[in-house]
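K.L.:
Structure, please.
(one chain, ligands or ions: 1)
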Amino acid sequence: MRIADGNTRDIEMLKNAVLLSQLNLDSLREGDLLNLKEDLYDLTGSGRISDHKEEFLRRLNVKQIGTIQARFRHCFESLANGSKLVSWRIDAPIKLAFAAHSEKANEHFEYDIMAPDPVHAVGISLIFLLIRSRVTPERFRKCPECGSLFLLLRKPDKRNFYCSQKCAGRVATRNSRRGRRESIKANESLIPVRPLVQAKRAMTLTE
Ligand SMILES: [Zn+2]
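P.N.:
Numbering: from 1, shown residues only. Just a heads-up that it's a prediction; the model follows:
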């Protein structure tokens, strides 16, 4: 089951934020970097209140993206480790503008967050997005196989969930190999067999 309540675009943005938190920034090409900056701008709202996109993109540099990345990773990791709280502290006097607005009187509110430093605008936006998307803390996971952080889109239950089909497949293969080995061992300890018969049986089992 997919996340029922959240709107798809919010979920997509959160997924991107989780990916960004683990990205190797050094490996990015110029085009990738621009896409990344635009993704971060999209986090800060709909941009309907004032068009500050150009300024945002101009001000945002790689060092700031690194800061955003580290703080995002800290947020997502603490959620994956069982925390139910994330916060974004700013310990300096700054100018900040928040807006809630709607295109039409019967449509729900959108937000816009503007700050001179893109790091602050993005950080506060993450908190807003977490609230608006209606996801729950348990959706933030760490893959038990490869350690990657990911956003779980299925309904959580007692099962282990993996970041990808690749990791799930690797674990399934390993478990089935282990299961087979254990059943061979169990058979060997149950039935006393002469070495020749044992060797023959082992052959048929590995065929
Ligand atoms: Zn994985």
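K.L.:
now the helices for this structure?
P.N.:
Ranges of helices in the chain, per DSSP state H, are 8-20, 30-43, 53-59, 62-80, 118-133, 165-190, 195-206.
K.L.:
Could you export the ones you listed to a markdown table, including columns for mean pLDDT?
P.N.:
Supplementary listing: these in a markdown table, determined by pLDDT from 0 to 100:
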| stretch | mean pLDDT |
| --- | --- |
| helix 8-20 | 93 |
| helix 30-43 | 94 |
| helix 53-59 | 92 |
| helix 62-80 | 97 |
| helix 118-133 | 94 |
| helix 165-190 | 85 |
| helix 195-206 | 47 |
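K.L.:
Would you mind finding the most buried of these?
P.N.:
helix 118-133 (a mean of 21; mean count of other C-beta atoms under 10 Å). Bear in mind the C-beta positions are built from the backbone N, C-alpha and C, glycine included.
K.L.:
Tell me how many other residues crowd the closest residue to D117 other than its chain neighbours.
P.N.:
Excluding its sequence neighbours, the residue lying closest to D117 (C-beta to C-beta, 6 or more residues apart in numbering) is I94, at 6.8 Å. I94: 11 surrounding residues under other C-beta atoms under 10 Å.
K.L.:
In this structure I94 contacts I113, no?
P.N.:
No - here I94 lies out of contact with I113, judged by C-beta atoms under 8 Å, at a distance of 11.9 Å.
K.L.:
circling back: nearest to the ion, out of the helices of the chain?
P.N.:
helix 165-190 (3.3 Å; C-beta to the ion).
K.L.:
Before I go, just wanted to say thanks for your time.
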